Each structure stands twice: as structure tokens, then as C-alpha cells.
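Q: Sequence plus predicted model, see below.
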Amino acid sequence: MFQYSQELSEKIADKYKHLFEIKGCYENVFKLVNEVGELKPFSKLSVLFCYMPGAAGFYYRHAFCLYNNMIVEPLLHLNMKEKNLDDIVPIKLMAANEYIDLLLADGRYDLASVLKDDDIRAYNGSEIPLNPVDLSDLVSSVTKSPDEFLLVMHSAMNGNGIYIPGSVQPAPESEARENVYAEDMDDEGMEI
């Protein structure tokens, strides 16, 4: 589905290395959109928020720029040419101008508030093991109390997806999703 532009990524990484930070993908995307002349015309530029496979078999929330529908990743240590790009779970693919509008509406580089529903839909529609930090952030965004947090987190960790407390329909259960979070726990989430 996605392809990687190694040549353009290396060119940008070399010329603009002072702009980009490790573990700063959201800020890096903002800088790519606003400060990198090689990604013009603007009409050929889009932004992808997604879940990427990473360490220990977990998926991590990430953002890329795409130019001419090809991923541009200035953090070369991520070694995109070696990754199976078919494993990317899209959260939202948007034109650069829509990205700027959402950035203004959210006020944060990660667009966590405005993409919350898209994040939940992408997670619930996949069978990915989301890393505990991103999962906790996502569950925190839909819960109002510690009790709700624990209930929704328990549901998510048992493969039932994330549901919004008080909603009529919980997320559909996925029999295929494995419980990778708690191998030695019983049905109640207690250690065996």
C-alpha cells in the first residue's frame, strides 16, 4: 500500500539534519511541511498518522509526510527500506492543507484531540498489540475516572477494543486479537 522514497529521505536528512529530532515524529512532520523546499508543490504533499510496528512486537503511533504518495522519513535510523510497509495501520491520511487546519484546531503537533475518534477506529479495526504507553494515552482520552480507565483498559488489553464509557455500543469483540499484554493472567486480569 505504501512505498518509501529512500532517495528523497536521504537528501532531506542530509540537508536539514539540524531540524529533525529522534522521537519527535510529530514535530518533524510539522517541519517537513513548513520548512523543507524539496517537498513543493504543496499539492503533492500529504500527511499520514498511523500505527507502525516496532520493538517487542508492539505498534507505536507515528506520523509521516508523503510526497507524490511516497513516504518521506528523515530519521534514517528507522531504516524504512527494511520495514514491511504493508503492516502500517493508517489512522488518517490527509492533504497538507487539511493537516494545517487540524493543527490549528488541536493546538498540538500530535493532533491527539482531533484524531481521537480516528485513533480508536484504527485500533479497534485492527488486531494490533498497541504499546502500553500509546494504549494508556488513548484510553485516558475517553475516560473520566480511574474506574472507567481500568474498565476500558481491561477491555482493550483483553482484545475487545476500546469503547467509550456511556456509549450504547461497545467495540465489537475480536476473537483473533491475542492478549499479548497478560500471558499469565486469568479472565479477571489477576495474575495466576
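A: Ah, there it is. Numbering: from 1, shown residues only.

Q: mind checking which helix or strand the residue most central in space within the chain is in?
A: Relative to the mean C-alpha position of the chain, the nearest C-alpha, by C-alpha atoms, centre = their mean, is the one of residue 61, at 2.6 Å. With elements delineated by DSSP states H and E, residue 61 resides in strand 59-67, which encompasses its position.

Q: From the chain's centroid, how far away is that strand?
A: With C-alpha atoms, centre = their mean, to the nearest Å as the basis, strand 59-67 stands 7 Å off its chain's centre.

Q: ok, residues contacting that strand?
A: 2, 5, 8, 25-26, 28-29, 32-33, 38-39, 44-54, 71-73, 89, 91, 93, 110, 119, 128-131, 134 (C-beta atoms under 8 Å, 6 or more residues apart in numbering). From N, CA and C alone the C-beta is placed, and that goes for glycine too.

Q: and what of stretch 19-34?
A: Under the criterion C-beta under 8 Å, 6+ apart, residues 12-13, 16, 35-36, 39, 45, 47, 62-65, 72, 74-75, 77, 96, 99-100, 103, 108-111 lie in contact with stretch 19-34.

Q: hmm, 7 Å instead?
A: With C-beta atoms under 7 Å, 6 or more residues apart in numbering as the test, stretch 19-34 has contacts from 35, 39, 45, 47, 62-65, 72, 74-75, 96, 99, 109-110.

Q: Which residues belonging to that stretch are considered buried?
A: Buried residues in stretch 19-34, counted by 16 or more other C-beta atoms under 10 Å: 19, 20, 25, 26, 28, 29, 30, 31, 32, 33.

Q: Confirm that the last one sits in a strand.
A: No - per DSSP: H, G, I helix; E, B strand; the rest coil, residue 33 lies outside any strand segment and is helix.

Q: Give me the neighbour count for residue 155.
A: Neighbour count of residue 155, defined by other C-beta atoms under 10 Å: 17.

Q: how close does it sit to residue 106?
A: 26 Å (C-beta to C-beta, to the nearest Å).

Q: for residue 30, same thing?
A: Distance from residue 30 to residue 106, by C-beta to C-beta: 12 Å.

Q: What residues does residue 12 make contact with?
A: 36, 38, 72, 74.

Q: nearest to residue 159, of these?
A: Comparing those against residue 159 with C-beta to C-beta places residue 72 closest, at 34.1 Å.

Q: Need the pLDDT of that closest one.
A: For residue 72, the model assigns a pLDDT of 96.

Q: Could you count how many residues lie near the nearest residue to it once chain neighbours are set aside?
A: Spatial nearest neighbour of residue 72, chain neighbours left out: residue 65 (4.8 Å); criterion: C-beta to C-beta, 6 or more residues apart in numbering. Using other C-beta under 10 Å, residue 65 has 27 neighbouring residues.

Q: pLDDT below threshold where in the chain?
A: 167-192 (pLDDT under 70).

Q: need the helices for this structure, in chain order.
A: 6-15, 25-35, 96-106, 116-124, 132-140, 146-157 (DSSP state H).

Q: Next, format these as JSON lines and append distance to residue 83.
A: Formatted as JSON lines, these follow (distance: least, C-beta to C-beta, whole Å):
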{"stretch": "helix 6-15", "distance to residue 83": "12"}
{"stretch": "helix 25-35", "distance to residue 83": "14"}
{"stretch": "helix 96-106", "distance to residue 83": "23"}
{"stretch": "helix 116-124", "distance to residue 83": "18"}
{"stretch": "helix 132-140", "distance to residue 83": "18"}
{"stretch": "helix 146-157", "distance to residue 83": "25"}
